[in-house]
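*Asks:* Need the 3D shape of this:
(one chain, ligands or ions: 1)
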Amino acid sequence: MHITYRPARGEDLAPATRIVQDAYNDLRVRHGLPPSIALGPPLFQTFSFAEPSSSLWVAEADGALQGFAFAWMRQRFWFLAQLFVQPGTQSKGIGQAMLSRIMRHAEENGAENRALITMAYNTASTGLYIRNGLYPREPLLRLVAPAPLVAERIATPRLEAVPIEPWPGPREWLGRIDEAVLGFRRESHHAFQLDGVAARALRIEQAGRPVGYAYVSGAGHVGPLAVSPGAEAGEALKAAVRGALEVQPKQVSMVVPGRADRMLDVAFGLGFRIDEPFVLLSARPFGDWSRYLPSNPGFM
Ligand SMILES: CC(C)(COP(=O)(O)OP(=O)(O)OC[C@H]1O[C@@H](n2cnc3c(N)ncnc32)[C@H](O)[C@@H]1OP(=O)(O)O)[C@@H](O)C(=O)NCCC(=O)NCCS
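*Replies:* Numbers count the residues shown, from 1 in each chain. So this is what the prediction gives:
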């Protein structure tokens with residue numbers, strides 16, 4: 001099979017999403033998990049496609065897509081959001097070829113750090129990334145709980161959660177929290193969430209001052225969530241989870257780092273159970289992962 005590689009075009013995004021779904025579900029089934037990844041519209045990919053700092057590549061054979069790679073960049077921080085190869089054509093060098101091309105983009109744009117999140121049980125991707133200078137740094141657990149159980153157990157938090165004002169109003173305080181927690185600003189991530197993607201966008205307050213933020217999806221997924229140094233991470237999570245219950249989901253879910261011990265204690269107290277393990281890999285350590293919940297492996 002002769003493979004060609006080229007930058008993605010707008011019309012590639014929908015078929016690329018099908019490769020992501022097929023490859024993810026195939027991986028899950030090979031590890032005894034149900035094939036539960038549903039196909040959604042490629043909203044973040046389409047949003048990122050219009051940004052010059054993003055890089056999207058496809059691998060193609062005989063006019064059919066075989067692989068998809070997508071990376072975004074914020075300031076000097078580069079993140080590989082997706083790298084997926086069609087199940088029948090894996091282990092033939094396509095993943096490495098796409099990774100080499102997309103990492104060139106990081107170099108050309110002066111990236112000072114590179115990172116990604118992958119499924120912790122995926123030995124092939126983890127090995128591939130280590131060979132390319134990205135090392136496992138932080139375990140991450142996707143947790144899920146039935147909403148009625150959480151509602152029954154949750155106590156009134158010591159921090160308040162109020163709606164975030166429309167973009168660009170919150171630019172400064174969101175940027176300050178991201179710099180303190182992650183080490184870089186990511187304005188367009190917030191603009192994307194605040195443009196109607198998040199069902200709830202929450203400003204977490206202490207005595208009227210913002211000490212954190214959290215987004216909640218219509219399906220009850222919490223994240224990204226960030227809590228300023230000095231503020232109580234467990235209380236901030238409780239405030240966000242109460243906000244999640246307001247969208248009246250069947251379940252509440254979130255991705256919690258191993259280092260976020262206060263937030264893990266709160267989550268387990270509320271009845272959350274582990275659904276899927278992920279791992280954060282990066283070229284260099286970054287961020288305070290005791291105060292940050294990523295949304296999902298692609299958005300971070
Ligand atoms: C991960 C994925 C993108 C890699 O693409 P691919 O085309 O299959 O990979 P390649 O053939 O280019 O490279 C495979 C490399 O994996 C690594 N690898 C595989 N199994 C490994 C193991 N048990 N231990 C360490 N490294 C391993 C090796 O470096 C191998 O290269 P080599 O065969 O030259 O030694 C693809 O397999 C895939 O889509 N998997 C399912 C979805 C997924 O996990 N995506 C990543 C999400 S971030």
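
*Asks:* What segments of the stretch 51-200 of the chain are strands?
*Replies:* Ranges of strands in the stretch 51-200 of the chain, per DSSP state E, counting those that start in this stretch, are 55-61, 64-74, 77-85, 113-119, 135-146, 160-163, 200-206.

*Asks:* Show me the shaky parts of the chain.
*Replies:* Low-confidence regions of the chain, defined by pLDDT under 70, are absent; no residue qualifies.

*Asks:* how does it divide into domains?
*Replies:* For the chain, whose domains are defined here by automatic domain parsing, the residue ranges read 4-111, 142-293.

*Asks:* quick one, which of the ones you listed is packed in tightest?
*Replies:* Most buried of those by mean neighbour count (mean count of other Cβ atoms under 10 Å) is domain 142-293; its value is a mean of 19. (Each C-beta comes from the backbone N, C-alpha and C, glycine too.)

*Asks:* give me the residue from the stretch 101-250 of the chain nearest the ligand.
*Replies:* Closest approach between the stretch 101-250 of the chain and the ligand, counting by Cβ to the nearest ligand atom: residue 127, at 1.8 Å.

*Asks:* ok, back up a step: can you put the domains of the chain in JSON lines and add distance to residue 117?
*Replies:* Putting the domains of the chain into JSON lines (distance: least, Cβ to Cβ, whole Å) gives the following:
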{"stretch": "domain 4-111", "distance to residue 117": "9"}
{"stretch": "domain 142-293", "distance to residue 117": "5"}
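
*Asks:* closest to residue 118 out of those?
*Replies:* Taking Cβ to Cβ as the criterion, residue 118 comes closest to domain 142-293 out of the domains of the chain, the separation being 6.2 Å.

*Asks:* That closest one vs the ligand: in contact?
*Replies:* No - under the criterion of Cβ under 6 Å from any ligand atom, the ligand is not reached by domain 142-293; the shortest gap measures 8.9 Å.

*Asks:* Which residues does the longest helix seen in the chain contact?
*Replies:* Determined from DSSP state H, the single longest helix within the chain is helix 13-30. Contacts to helix 13-30, defined as Cβ atoms under 8 Å, 6 or more residues apart in numbering, come from residues 8, 34-42, 45-46, 49, 56, 58, 65-68, 70, 82, 84-87, 90, 119, 122.

*Asks:* So the closest residue to residue 260 other than its chain neighbours, which state does it fall into?
*Replies:* Closest residue to residue 260 apart from its sequence neighbours, by Cβ to Cβ, 6 or more residues apart in numbering: residue 290 at 4.9 Å. Using DSSP: H, G, I helix; E, B strand; the rest coil, the secondary structure recorded for residue 290 is coil.

*Asks:* can you pull the contacts of residue 262?
*Replies:* For residue 262, the contact set (Cβ under 8 Å, 6+ apart) comprises 232, 233, 234, 237, 290.

*Asks:* Next, the angle strand 200-206 makes with the helix or strand encompassing residue 239.
*Replies:* Applying DSSP states H and E as the criterion places residue 239 in helix 233-245. For helix 233-245 and strand 200-206, the angle between their directions (axes from the mean of the first three to the mean of the last three Cα atoms, to 10 degrees) works out to 150 degrees.

*Asks:* Quick check: next helix or strand after helix 233-245?
*Replies:* As the chain continues past helix 233-245, the following element, by DSSP H and E, is strand 251-257.

*Asks:* how distant is that following strand from the center of its chain?
*Replies:* The gap between where strand 251-257 is centred and where its chain is centred comes out at 11 Å by Cα atoms, centre = their mean, to the nearest Å.

*Asks:* by how many degrees do the helix or strand immediately after that strand in the chain and strand 135-146 diverge?
*Replies:* Going down the chain from strand 251-257, the next helix or strand is helix 261-269, by DSSP H and E. With the same axes, to 10 degrees as the basis, helix 261-269 and strand 135-146 are set at 30 degrees to each other.
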